[in-house]
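Trainee: how would this look folded up:
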Amino acid sequence: MHARHSAQPAPAAGRGPRLWLIAGTGEGPPLAAALLAQGWRLRVSVVSAVAARAYASHGALELAVGALGASDGEASTRVLMHQLQQARRQGDGFRWVVDASHPFAVRITAALVAACRSCDQPLLRLSRAQPPPGRAELLEDLPELGDRIAAGEPLLLAIGARRLAEAIRCCPTALHHARVLPSPTALRQALAAGVAPARLACLRPGSSDAAILAGLCRQWRIRSVLCRQSGGAGEAVWQRLCQELGLRLLLLRRPAEPCGLEALALEPLLARLNRGADAPDPAARPGAEDRAG
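Mentor: Sure thing, here's the model as predicted:
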């Protein structure tokens, strides 16, 4: 469930159309700023208090911090439906829901699609750019690691902590190293997966960490790096570093977007929302709450 970020009070109702943005720290802050400039009232959902700090304070911005739903897809859908219905019952429903979550956050995107369809709630997806892989090798999924990594090969896993154990099982004879987020949960998951403390780095992804990552790759004598085809700053850093250091880069292929979900790049998405800002609120249509229940 969400826990409202105490530093950001909920905006007052009735000052313009309301929008629910699910985002992180990449495209989320500039998208939120652009939406506020268009006159939207925003509820922005982020996973952590650290992510919340990336959003500038604004009178029409409400920050909600915490995981959306649960690890179970159906349970997450029910939680999201409850929040949509509750906003409508309070007379302040969302004109749009915008999913700007990470391309690999497939469970939350699937839950949003199911919840919004059940509640007859308009939903848009922010489509992140996907640059060509260049010299990187694309992997359809983690089991392919077994055929790509030799026994004893120093491998750096930069795919987040959640799937570390699975990745290690897929190439058990490699010499595993990992870069994870600096959070207690990520650290626990990495250690539980079997990564030795001396081969573990807790760093937030971004260009500012490039020099540290390069130093670690040299110290650990890394030969191959596995990261996700996210299209974000993290992938760009690894593309550049692997080219500079002569390392092999393996990219875990980005999942396909759900069928029937309208996905737009930033500028087309803003234009689409701007055109629909004055349209009748679908939440106010007779029977909307009955269809959602």
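Trainee: Which residue ranges of the stretch 101-250 of the chain form strands?
Mentor: For the stretch 101-250 of the chain, applying DSSP state E, counting those that start in this stretch gives strands covering 123-126, 137-139, 154-158, 175-180, 200-202, 224-228, 248-252.
Trainee: I'd like the average pLDDT over the last one.
Mentor: Right, the one you point to is strand 248-252. Confidence for strand 248-252, expressed as mean pLDDT, is 96.
Trainee: same deal with the second one?
Mentor: Strand 137-139 shows an average pLDDT of 96 in the prediction.
Trainee: The first one now?
Mentor: Mean pLDDT, strand 123-126: 95.
Trainee: Show me what it is packed against.
Mentor: If you count contacts as 3 or more CB pairs under 8 Å, 6 or more residues apart in numbering; DSSP states H and E, strand 123-126 packs onto strand 96-100, helix 106-118, strand 263-264, helix 266-276. Using the backbone N, CA and C atoms, a C-beta is placed for each residue, glycine as well.
Trainee: and that strand, which strands flank it?
Mentor: Counting by DSSP bridges, the strands paired with strand 123-126 are strand 96-100 (parallel), strand 263-264 (parallel).
Trainee: go on, the third one?
Mentor: Sheet pairing for strand 154-158, assigned by DSSP bridges, gives strand 175-180 (parallel), strand 224-228 (parallel).
Trainee: centroid residue for this structure?
Mentor: residue 102 (2.4 Å; CA atoms, centre = their mean).
Trainee: so how far is residue 181 from the nearest residue to it once chain neighbours are set aside?
Mentor: Once flanking residues are discounted, residue 102 sits nearest to residue 24: 6.0 Å by CB to CB, 6 or more residues apart in numbering. Residue 24 sits 11 Å away from residue 181, going by CB to CB, to the nearest Å.
Trainee: that older thread, can you tell me which of the strands paired with strand 123-126 is most buried?
Mentor: When these are scored by mean count of other CB atoms under 10 Å, the highest mean neighbour count falls to strand 96-100 (a mean of 24).
Trainee: Residue 175 is in contact with residue 151, correct?
Mentor: No - contact between residue 151 and residue 175 fails when scored by CB atoms under 8 Å: they sit 9.1 Å apart.
Trainee: And the helices in the stretch 1-150 of the chain, which stretches?
Mentor: Secondary structure of the stretch 1-150 of the chain (DSSP state H, counting those that start in this stretch): helices at 28-37, 49-52, 73-89, 106-118, 145-148.
Trainee: Now the fourth one: buried residues?
Mentor: In other words, helix 106-118. Neighbour counts using 16 or more other CB atoms under 10 Å place 106-116, 118 of helix 106-118 among the buried residues.
Trainee: Give me the average confidence score over stretch 146-165.
Mentor: pLDDT averaged over stretch 146-165 gives 95.
Trainee: what does the model give the closest residue to residue 109 other than its chain neighbours for pLDDT?
Mentor: Spatial nearest neighbour of residue 109, excluding adjacent residues (CB to CB, 6+ apart): residue 99 at 5.7 Å. On pLDDT, residue 99 comes in at 95.
Trainee: Return the set of residues that bridge with residue 137.
Mentor: residue 250.
Trainee: correction: residue 124
Mentor: Note on residue 124: beta-bridge partners residue 98, judged by DSSP bridges.
Trainee: I'd like the numbering to begin with 32 instead of 1 from here.
Mentor: New numbering, starting at 32: the last item is residue 155.
Trainee: Where does pLDDT dip in this structure?
Mentor: Across the chain, the ranges flagged by pLDDT under 70 are 32-45, 100-103, 236-239, 307-324.
Trainee: Repeat the analysis, applying 80 as the threshold.
Mentor: Scanning the chain for pLDDT under 80 picks out 32-46, 56, 81, 98-104, 235-240, 263-264, 290, 306-324.
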